[in-house]
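Chemist: Sequence first, then the predicted structure:
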Amino acid sequence: MQKQKILQSAQRKKSLIYQKDLEDGNVLVSQPALETSLFYTIEEIAILIEELMEMDAPRDGNGRLLEVRAKGHWFELEVAKRLGYNYPPSSGLFPDIRHQVLEIKHHTGKSITVDFGRYYPGSEEIINETWNQKLQIKVNQVRYLIALAPPPSYKVATLILLTGAQIMDVFGVSPKATIKYQMGISKKWCEEHKGKMLVGESIWSLLYRHSEK
């Protein structure tokens with residue numbers, strides 16, 4: 001599908017989400033993805049969040065980066081707004097934007113280690129939550145958005161948008177966990193993908209705003 005067609009489809013869904021979220025008494029972003037007409041493809045998510053590239057990390061009144069949890073929740077809200085939601089995701093959900101089965105990470109470290117918590121991204125297990133009784137989504141079907149914003153600028157330099165299964169293919173995650181599952185990303189990989197977004201099997205060069213296989 002050409003990028004213009006992806007954008008048109010994404011904008012149509014965004015408009016529907018925006019209106020429904022205003023009309024619904026429940027926070028739509030935290031509801032299960034029961035309506036396929038409101039469910040973005042991974043490419044549609046990518047095209048709506050491209051503008052997050054080079055976004056500054058949030059800071060407190062003294063210019064210090066926010067703590068990990070607060071910074072993460074801030075970034076979840078920034079993503080949600082670009083997908084058409086009016087209200088922020090509830091803190092502590094898995095996935096963060098349940099309505100799009102989207103888990104979100106924002107990393108500002110020099111050495112990249114992504115924490116997946118208690119959910120192993122390659123797992124074939126069905127997420128054992130009440131909201132998932134009808135959908136029966138597996139952990140490896142969850143979409144992960146990982147923003148890398150390294151020092152010294154702490155601006156988003158790379159965006160990664162993959163399913164749990166695709167993360168296993170690209171990076172691999174050890175099936176052994178101590179407190180939580182973790183994944184390292186090499187400095188070389190980060191340098192090679194600076195200014196780019198990894199979207200499934202495609203690399204989008206955001207500088208020139210086109211995609212290539």
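Modeler: It's in.

Chemist: which one is residue 93 nearest to, not counting chain neighbours?
Modeler: Of all residues beyond its chain neighbours, the one nearest residue 93 is residue 30 (6.2 Å), with distances taken as Cβ to Cβ, 6 or more residues apart in numbering. Where you see a C-beta, it was placed from the backbone N, CA and C, and this is true even at glycine.

Chemist: dump the residue contacts of the residue lying closest to residue 52 once chain neighbours are set aside.
Modeler: Spatial nearest neighbour of residue 52, excluding adjacent residues (Cβ to Cβ, 6+ apart): residue 156 at 5.6 Å. With contact set as Cβ atoms under 8 Å, 6 or more residues apart in numbering, residue 156 has these partners: 52, 53, 54, 55, 147, 148, 149.

Chemist: Is residue 172 in a helix, a strand, or coil?
Modeler: Judged by DSSP: H, G, I helix; E, B strand; the rest coil, the three-state class of residue 172 is coil.

Chemist: Measure how buried it is and give me the count.
Modeler: Other residues near residue 172 number 12, with proximity taken as other Cβ atoms under 10 Å.

Chemist: so what's the backbone phi/psi at it?
Modeler: Residue 172 has phi and psi values of phi 80, psi 140 when expressed as degrees, to the nearest 10.

Chemist: still on that earlier bit, against residue 50, how distant is the residue nearest to residue 52?
Modeler: 11 Å (Cβ to Cβ, to the nearest Å).

Chemist: Helices of this structure, residue ranges please.
Modeler: In the chain, the helices defined using DSSP state H lie at 3-23, 42-49, 68-82, 164-170, 187-192.

Chemist: Relative to residue 35, tell me which of these wins on proximity.
Modeler: Evaluated with Cβ to Cβ, the helices of the chain place helix 3-23 nearest to residue 35, the distance being 8.5 Å.

Chemist: Return the set of buried residues in the closest one.
Modeler: For helix 3-23, burial by neighbour count (16 or more other Cβ atoms under 10 Å) applies to 6, 9, 10, 13, 14, 17, 18, 20, 21.

Chemist: Please work out the angle formed by the directions of that helix and helix 42-49.
Modeler: Between helix 3-23 and helix 42-49, the angle comes out at 80 degrees (axes from the mean of the first three to the mean of the last three Cα atoms, to 10 degrees).

Chemist: Report all helices and strands that helix 3-23 contacts.
Modeler: When contacts are defined as 3 or more Cβ pairs under 8 Å, 6 or more residues apart in numbering; DSSP states H and E, helix 3-23 packs onto helix 42-49.

Chemist: For the helix it packs on, give the mean pLDDT please.
Modeler: The pLDDT scores in helix 42-49 average 97.

Chemist: do stretch 100-119 as well
Modeler: Averaged over stretch 100-119, pLDDT sits at 92.

Chemist: Would you mark the buried spots in it?
Modeler: By 16+ other Cβ under 10 Å, the buried positions in stretch 100-119 come out as 100-108, 112, 114, 116, 119.
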